[in-house]
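**Q** Dropping a prediction and its sequence here:
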Amino acid sequence: MASTREVGLTDDRRALLSRRIRLFVAATISYNVIEAVVALTEGARVSSTALIGFGLDSVIEVSSAAAVAWQFAGRDPQAREKIALRIIALSFFGLATYVIVDATRALLGVAEAEHSTIGIVLAALSLVIMPALSYAQRRAGRELGSLSAVADSKQTLLCTYLSAVLLVGLVLNSLFGWSWADPIAGLAIAAIAVREGVNAWKGDTCCPAAVATASERADLGCDCCDD
(Lines give C-alpha, C1' and ligand atoms only; values in the text may rest on other atoms or scores of the structure.)
Protein backbone atom coordinates (compact mmCIF):
# COMPACT_ATOMS: atom_id res chain seq x y z
CA MET A 1 0.00 0.00 0.00
CA ALA A 2 1.30 3.45 -0.82
CA SER A 3 2.44 5.05 2.38
CA THR A 4 1.47 8.56 3.40
CA ARG A 5 4.22 11.00 2.66
CA GLU A 6 4.33 14.69 3.55
CA VAL A 7 7.23 16.28 1.73
CA GLY A 8 8.14 19.98 2.00
CA LEU A 9 5.09 21.02 4.05
CA THR A 10 5.43 23.45 6.93
CA ASP A 11 3.45 22.94 10.13
CA ASP A 12 1.27 25.94 9.23
CA ARG A 13 0.51 24.50 5.79
CA ARG A 14 -0.36 21.09 7.25
CA ALA A 15 -2.67 22.77 9.76
CA LEU A 16 -4.35 24.76 6.99
CA LEU A 17 -4.88 21.68 4.83
CA SER A 18 -6.29 19.75 7.78
CA ARG A 19 -8.77 22.58 8.44
CA ARG A 20 -9.79 22.59 4.79
CA ILE A 21 -10.38 18.86 4.81
CA ARG A 22 -12.53 19.17 7.94
CA LEU A 23 -14.54 21.92 6.21
CA PHE A 24 -15.07 19.83 3.07
CA VAL A 25 -16.04 16.86 5.21
CA ALA A 26 -18.61 18.98 7.10
CA ALA A 27 -20.09 20.23 3.80
CA THR A 28 -20.25 16.68 2.46
CA ILE A 29 -22.00 15.39 5.56
CA SER A 30 -24.54 18.24 5.56
CA TYR A 31 -25.50 17.82 1.91
CA ASN A 32 -25.64 14.05 2.05
CA VAL A 33 -27.93 13.98 5.06
CA ILE A 34 -30.45 16.00 3.04
CA GLU A 35 -29.80 13.92 -0.08
CA ALA A 36 -30.30 10.65 1.82
CA VAL A 37 -33.62 11.71 3.34
CA VAL A 38 -35.01 12.84 -0.02
CA ALA A 39 -33.71 9.85 -2.01
CA LEU A 40 -34.78 7.17 0.47
CA THR A 41 -38.23 8.69 0.98
CA GLU A 42 -38.87 9.12 -2.74
CA GLY A 43 -37.30 5.76 -3.59
CA ALA A 44 -39.63 3.96 -1.21
CA ARG A 45 -42.62 5.86 -2.61
CA VAL A 46 -41.95 4.96 -6.26
CA SER A 47 -40.29 1.55 -5.63
CA SER A 48 -37.03 2.69 -7.22
CA THR A 49 -34.01 0.46 -6.59
CA ALA A 50 -31.68 3.07 -8.06
CA LEU A 51 -33.06 5.88 -5.89
CA ILE A 52 -32.87 3.76 -2.74
CA GLY A 53 -29.33 2.74 -3.65
CA PHE A 54 -28.48 6.38 -4.23
CA GLY A 55 -29.94 7.29 -0.85
CA LEU A 56 -27.99 4.53 0.86
CA ASP A 57 -24.84 5.77 -0.84
CA SER A 58 -25.55 9.16 0.72
CA VAL A 59 -25.76 7.50 4.14
CA ILE A 60 -22.48 5.72 3.42
CA GLU A 61 -20.88 8.98 2.32
CA VAL A 62 -21.81 10.43 5.69
CA SER A 63 -20.14 7.51 7.49
CA SER A 64 -17.10 7.80 5.21
CA ALA A 65 -16.78 11.53 5.81
CA ALA A 66 -17.29 10.98 9.53
CA ALA A 67 -14.41 8.48 9.51
CA VAL A 68 -12.12 11.10 7.98
CA ALA A 69 -13.36 13.72 10.45
CA TRP A 70 -12.56 11.31 13.29
CA GLN A 71 -9.10 10.72 11.85
CA PHE A 72 -8.24 14.41 11.69
CA ALA A 73 -9.77 15.13 15.09
CA GLY A 74 -6.88 13.28 16.79
CA ARG A 75 -3.35 14.42 17.47
CA ASP A 76 -1.85 11.85 15.08
CA PRO A 77 -4.08 11.54 11.95
CA GLN A 78 -1.65 9.20 10.22
CA ALA A 79 -1.96 6.62 13.01
CA ARG A 80 -5.75 6.51 12.46
CA GLU A 81 -5.59 6.38 8.67
CA LYS A 82 -5.79 2.59 8.23
CA ILE A 83 -8.92 2.35 10.39
CA ALA A 84 -10.55 5.18 8.43
CA LEU A 85 -9.79 3.41 5.15
CA ARG A 86 -11.30 0.16 6.45
CA ILE A 87 -14.50 1.97 7.44
CA ILE A 88 -14.73 3.57 3.99
CA ALA A 89 -14.16 0.22 2.24
CA LEU A 90 -16.77 -1.61 4.31
CA SER A 91 -19.24 1.17 3.55
CA PHE A 92 -18.77 0.59 -0.18
CA PHE A 93 -19.26 -3.17 0.22
CA GLY A 94 -22.41 -2.68 2.29
CA LEU A 95 -23.92 -0.45 -0.37
CA ALA A 96 -23.08 -2.90 -3.17
CA THR A 97 -24.61 -5.86 -1.32
CA TYR A 98 -27.93 -4.16 -0.70
CA VAL A 99 -28.26 -2.73 -4.20
CA ILE A 100 -27.45 -6.08 -5.88
CA VAL A 101 -30.12 -7.87 -3.85
CA ASP A 102 -32.75 -5.17 -4.43
CA ALA A 103 -31.96 -4.80 -8.14
CA THR A 104 -32.25 -8.57 -8.62
CA ARG A 105 -35.66 -8.55 -6.93
CA ALA A 106 -36.78 -5.73 -9.23
CA LEU A 107 -35.58 -7.54 -12.37
CA LEU A 108 -37.53 -10.61 -11.25
CA GLY A 109 -40.69 -8.50 -11.15
CA VAL A 110 -41.13 -8.15 -7.39
CA ALA A 111 -41.52 -4.37 -7.72
CA GLU A 112 -41.71 -1.99 -10.67
CA ALA A 113 -40.30 1.53 -10.43
CA GLU A 114 -42.63 4.45 -11.10
CA HIS A 115 -41.87 7.89 -12.57
CA SER A 116 -40.12 10.30 -10.16
CA THR A 117 -39.70 14.00 -10.94
CA ILE A 118 -38.18 14.54 -7.49
CA GLY A 119 -35.59 11.86 -8.18
CA ILE A 120 -34.62 13.42 -11.51
CA VAL A 121 -34.17 16.86 -9.93
CA LEU A 122 -32.13 15.39 -7.06
CA ALA A 123 -29.84 13.48 -9.43
CA ALA A 124 -29.28 16.57 -11.58
CA LEU A 125 -28.50 18.72 -8.54
CA SER A 126 -25.99 16.21 -7.18
CA LEU A 127 -24.37 16.00 -10.60
CA VAL A 128 -23.45 19.68 -10.19
CA ILE A 129 -22.50 19.82 -6.50
CA MET A 130 -20.56 16.60 -5.92
CA PRO A 131 -17.74 17.07 -8.47
CA ALA A 132 -16.77 20.43 -6.92
CA LEU A 133 -16.67 19.00 -3.38
CA SER A 134 -14.72 15.94 -4.51
CA TYR A 135 -12.11 17.94 -6.41
CA ALA A 136 -11.50 20.36 -3.55
CA GLN A 137 -11.06 17.60 -0.94
CA ARG A 138 -8.96 15.43 -3.26
CA ARG A 139 -6.61 18.30 -3.98
CA ALA A 140 -6.14 19.09 -0.29
CA GLY A 141 -5.78 15.40 0.61
CA ARG A 142 -3.13 14.81 -2.05
CA GLU A 143 -1.06 17.79 -0.95
CA LEU A 144 -1.30 16.73 2.69
CA GLY A 145 -0.52 13.12 1.74
CA SER A 146 -3.67 11.65 3.30
CA LEU A 147 -4.88 8.42 1.69
CA SER A 148 -8.12 8.44 3.68
CA ALA A 149 -8.99 12.01 2.66
CA VAL A 150 -8.42 11.07 -0.98
CA ALA A 151 -10.46 7.86 -0.54
CA ASP A 152 -13.31 9.90 0.93
CA SER A 153 -13.08 12.34 -1.99
CA LYS A 154 -13.44 9.35 -4.32
CA GLN A 155 -16.52 8.34 -2.36
CA THR A 156 -17.87 11.82 -3.08
CA LEU A 157 -16.85 11.49 -6.73
CA LEU A 158 -18.68 8.16 -6.84
CA CYS A 159 -21.82 10.15 -6.03
CA THR A 160 -21.25 12.02 -9.29
CA TYR A 161 -21.14 8.76 -11.26
CA LEU A 162 -24.17 7.49 -9.39
CA SER A 163 -26.02 10.73 -10.07
CA ALA A 164 -25.41 10.33 -13.81
CA VAL A 165 -26.43 6.67 -13.78
CA LEU A 166 -29.49 7.44 -11.67
CA LEU A 167 -30.50 10.33 -13.91
CA VAL A 168 -30.29 8.18 -17.05
CA GLY A 169 -32.28 5.36 -15.45
CA LEU A 170 -35.02 7.65 -14.15
CA VAL A 171 -35.32 9.59 -17.41
CA LEU A 172 -35.55 6.40 -19.50
CA ASN A 173 -38.24 5.07 -17.20
CA SER A 174 -40.14 8.36 -17.31
CA LEU A 175 -39.95 8.89 -21.08
CA PHE A 176 -40.30 5.34 -22.39
CA GLY A 177 -41.68 3.36 -19.46
CA TRP A 178 -38.53 1.20 -19.32
CA SER A 179 -38.89 0.06 -15.72
CA TRP A 180 -35.95 -2.34 -16.16
CA ALA A 181 -33.65 0.68 -16.62
CA ASP A 182 -33.95 1.44 -12.91
CA PRO A 183 -32.55 -1.86 -11.52
CA ILE A 184 -29.91 -1.92 -14.29
CA ALA A 185 -28.81 1.51 -13.10
CA GLY A 186 -28.73 0.12 -9.58
CA LEU A 187 -26.44 -2.75 -10.64
CA ALA A 188 -24.09 -0.26 -12.31
CA ILE A 189 -23.98 1.63 -9.01
CA ALA A 190 -23.13 -1.60 -7.19
CA ALA A 191 -20.29 -2.45 -9.59
CA ILE A 192 -18.67 0.95 -9.11
CA ALA A 193 -19.06 0.63 -5.34
CA VAL A 194 -17.32 -2.76 -5.25
CA ARG A 195 -14.36 -1.45 -7.26
CA GLU A 196 -13.92 1.58 -5.02
CA GLY A 197 -14.32 -0.55 -1.90
CA VAL A 198 -11.51 -2.84 -2.99
CA ASN A 199 -9.28 0.14 -3.76
CA ALA A 200 -9.97 1.75 -0.38
CA TRP A 201 -9.30 -1.53 1.47
CA LYS A 202 -5.95 -1.89 -0.29
CA GLY A 203 -5.12 1.79 0.17
CA ASP A 204 -4.95 2.27 -3.62
CA THR A 205 -6.62 5.67 -3.55
CA CYS A 206 -4.08 8.10 -4.96
CA CYS A 207 -0.55 9.24 -4.29
CA PRO A 208 0.32 12.37 -2.36
CA ALA A 209 1.03 15.28 -4.69
CA ALA A 210 4.50 15.52 -3.14
CA VAL A 211 5.50 12.29 -4.93
CA ALA A 212 6.52 14.34 -7.91
CA THR A 213 8.43 12.10 -10.30
CA ALA A 214 7.03 9.40 -12.54
CA SER A 215 9.55 6.87 -11.23
CA GLU A 216 8.50 7.51 -7.62
CA ARG A 217 4.85 7.09 -8.55
CA ALA A 218 5.63 3.84 -10.36
CA ASP A 219 7.58 2.52 -7.37
CA LEU A 220 4.56 3.14 -5.13
CA GLY A 221 2.17 1.53 -7.59
CA CYS A 222 0.17 4.71 -8.11
CA ASP A 223 -2.19 5.04 -11.05
CA CYS A 224 -4.10 8.22 -10.38
CA CYS A 225 -1.65 10.85 -9.27
CA ASP A 226 -2.10 13.04 -12.29
CA ASP A 227 -5.23 15.18 -12.58
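**A** Looks like it came in fine. Numbering: from 1, shown residues only.
**Q** Is there a neighbour count for residue 176? I'd like the number.
**A** 9 (other CB atoms under 10 Å). For the C-beta atoms, the positions are set from N, CA and C on the backbone; glycine is no exception.
**Q** In contact with the spatially most central residue of the chain, which residues?
**A** Central residue of the chain (CA atoms, centre = their mean): residue 155, 1.7 Å from the mean position. By CB atoms under 8 Å, 6 or more residues apart in numbering, the contact list for residue 155 reads 60, 61, 64, 65, 88, 91, 92, 196, 200.
**Q** Give me the mean pLDDT for stretch 19-33.
**A** Throughout stretch 19-33, pLDDT has a mean value of 87.
**Q** what's in contact with it?
**A** With CB under 8 Å, 6+ apart as the criterion, stretch 19-33 contacts 58-59, 61-62, 65-66, 68-69, 72, 129, 133, 136-137, 140-141, 144, 146, 149, 152-153, 156, 159.
**Q** and with 6 Å instead?
**A** Stretch 19-33 is contacted from outside by 58, 61-62, 65, 68-69, 72, 133, 136-137, 140, 149, 156, using CB atoms under 6 Å, 6 or more residues apart in numbering.
**Q** Give me the pLDDT for residue 45.
**A** 91.
**Q** again with residue 206
**A** Listed pLDDT for residue 206 reads 51.
**Q** before we move on, the earlier item: for the contacts of residue 155, give me CSV that also has secondary structure.
**A** As requested, the contacts of residue 155 are arranged in CSV below (DSSP: H, G, I helix; E, B strand; the rest coil):
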residue, secondary structure
60, helix
61, helix
64, helix
65, helix
88, helix
91, helix
92, helix
196, helix
200, helix
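**Q** No further questions, thank you.
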